[in-house]
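Q: Sequence and predicted structure below; questions after.
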Amino acid sequence: GLHLNRSLHMRILHFSWEYPPVMYGGLGTHVLALTQEQARRGHQVTVITQAVPGDPDSSCLVDGVLVIRVANYYEDALFTQANFDYWVHGFALASQQACDHMEIAPEVIHAHDWVTAVQLEGASTFLSVPSVLTIHATEFGRHNGWLASKLSRHVYARERKAIAAADALIVCSEFMSHEIRNGYGVAPKKLEVIPNGIQSMGPVAKNTLTDRHDGDPDEFVICFLGRLEWEKGVHHVIDAMALIQNRSIRLEIAGIGSQVEELRNKVARKDLNHRVSFLGHIQEVDRIRTLQSWDVAVIPSSYEPFGIVALELGQLRVSLITSHVGGLTDIVPSSDFGYPIKAIDGASIALQINSIFDNPVEARERADRLAGRIESRYTWNQVATATDRVYEVVTK
């Protein structure tokens, strides 16, 4: 129809505190893929994000997306918890300056999480254009509604302000929609659920997938892939390893985070050094090969707004043991597609690992069904189409 044509060539400005090469988690992955897909569709897409710490301002065209990287307005702003608010304010000021220098005003502003809330409000008001806010995670959810620290309360207040200011809100799962309605008092009509996506592998890549279970029978590798933070639950996987008698089962922990020393100590205490290895951050070039080498992935998060890592691993047909929380319940809704666990603890995880080890055919069938589900529901093309619809509504 006619109204779709105007969305074919929109000028879109994104504010994101993560964008390559500065990446912390799933948010950056999401914004990168969404903006590239939007550019492919003929939109004029600009992203204002932070420069690599220590680098000056720069801008360049990356895969059709104009990426403007800004140095923090405060030269002494350190990206640490104690200094976070100062850093966020400096990032906002630098972003606003970049926005003021844009030659052509955008038609819609799209910000990601509370860190870009000031930019969203300022630019939307200054340029008088509608704004969309994607909330990838909330402070309320991360702390189960218990906002004990001053920083937590401050972040929550910022989130509320950003939510009130935005013309439309996007969240990535039904669980998040529920959380925003309850924790922040948002009217459902302002909320749109659009899942995260994943690059479709296409038939060629799928044929190159190795069949892991025909490999070395002496090696059965469990993995944890994600940030090494408390809410991601990797400590439970270490507990599970302590309960598994089978010596051919090993654990690889991939990722970085604030809990790494604690976790290393835990592994040593449980006398598991010979069966557990820490891989650190996996480089992009090694990513698919590394992910394919695993037999089972455990995603035991206590809080998971979406769970993009479940898409990545599921697409490669790695068997998934997932906690039945948050967005993971959308991706692995039942035992048809993997091994969802109700209780997040070492014993439950160990039980499922042993079950997968003992029943490889059943595990492979579930993994195949999950891969099919991901291919049909979670492509960036579908995400971009749904996002276009939100832009159409707010720009009418």
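A: Arrived safely. Here the structure is a predicted model, which is why all the values come from computation and not from measurement.
Q: pLDDT weak spots in the chain?
A: Residues of the chain meeting the criterion pLDDT under 70: 1-8, 139-146, 202-217.
Q: Point to the residue nearest the middle of it.
A: A centroid search over the chain (CA atoms, centre = their mean) returns Gly26, at 2.2 Å, as the residue closest to the centre.
Q: Now do the contacts for that residue.
A: Applying CB atoms under 8 Å, 6 or more residues apart in numbering, we find Gly26 in contact with 136, 196, 306, 308-309. C-beta: built from backbone N, CA, C; applies to glycine.
Q: Make TSV from the residues you listed and add distance to Ile109 and neighbour count to it.
A: Formatted as TSV, those follow (distance: CB to CB, whole Å; neighbours: other CB atoms under 10 Å):
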residue	distance to Ile109	neighbour count
His136	17	23
Asn196	21	25
Phe306	22	24
Ile308	24	25
Val309	29	27
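Q: Quick check: bridge partners of Leu251?
A: Using DSSP bridges, the bridge partners assigned to Leu251 are Ile222, Val276.
Q: what's near enough to touch it?
A: The neighbours of Leu251, taking CB under 8 Å, 6+ apart as the test, are 221-224, 237-238, 241, 272, 275-277.
Q: Go ahead and build a ChimeraX selection from the buried members of the residues you listed.
A: Applying 16 or more other CB atoms under 10 Å to those leaves a buried subset, and the ChimeraX line that selects it is:
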select :221,222,223,224,237,238,241,272,275,276
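Q: CA-only coordinates of stretch 169-177, as CSV, when you get a sec.
A: Output for stretch 169-177, consisting of C-alpha atoms alone and laid out as CSV, is shown next (Å, rounded to 0.1, in the frame of the first residue of the first chain):
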residue,chain,number,x,y,z
LEU,A,169,8.4,1.4,23.1
ILE,A,170,9.9,-1.8,21.8
VAL,A,171,10.7,-4.8,23.9
CYS,A,172,12.2,-8.1,22.8
SER,A,173,9.9,-10.7,24.6
GLU,A,174,6.5,-11.2,26.1
PHE,A,175,8.2,-11.4,29.5
MET,A,176,9.7,-8.0,29.0
SER,A,177,6.4,-6.5,28.0
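Q: quick revisit: so of the contacts of Gly26, which ones are in strands?
A: For these, membership in strands holds for none, with DSSP state E as the criterion.
Q: Just those: which are in helices?
A: Using DSSP state H, the members of the contacts of Gly26 that fall in helices are 308-309.
Q: Switch the contacts of Gly26 over to TSV; also include distance to Val45.
A: Output for these, formatted as TSV (distance: CB to CB, whole Å):
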residue	distance to Val45
His136	19
Asn196	18
Phe306	22
Ile308	21
Val309	26
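Q: Widest-spaced pair of the contacts of Gly26?
A: Based on CB to CB, the longest span within the contacts of Gly26 runs between His136 and Val309 and measures 13.6 Å.
Q: and the residue nearest to the centre of the chain, how far is that from Asn196?
A: Taking CB to CB, to the nearest Å as the measure, Gly26 falls 7 Å from Asn196.
Q: Next: Asp330.
A: Distance of Asp330 to Asn196, computed by CB to CB: 10 Å.
Q: Which stretches in the stretch 201-350 of the chain count as strands?
A: Here the stretch 201-350 of the chain has its strands, by DSSP state E, counting those that start in this stretch, at 220-225, 249-254, 276-280, 296-299, 319-323, 339-341.
Q: element containing Ser376?
A: When secondary structure is defined using DSSP states H and E, the element that contains Ser376 is helix 360-377.
Q: list the helices and strands the next helix or strand after that helix packs on?
A: In the C-terminal direction, the helix or strand that comes right after helix 360-377 (DSSP H and E) is helix 380-395. With contacts taken as 3 or more CB pairs under 8 Å, 6 or more residues apart in numbering; DSSP states H and E, helix 380-395 sits against helix 2-8, helix 26-40, strand 108-112, strand 131-135, strand 168-171, strand 191-193.
Q: can you pull the buried residues of the fourth one?
A: This points to strand 131-135. Along strand 131-135, these residues count as buried under the neighbour rule (16+ other CB under 10 Å): 131-135.
Q: what's the answer for stretch 287-299, then?
A: 288, 290-291, 293-299.
Q: contacting residues for Leu228?
A: Taking CB under 8 Å, 6+ apart as the definition, contacts of Leu228 comprise 234, 253, 255-260, 263.
Q: how close does Ser95 sit to Lys266?
A: Relative to Lys266, and taking CB to CB, Ser95 is found at 40 Å.
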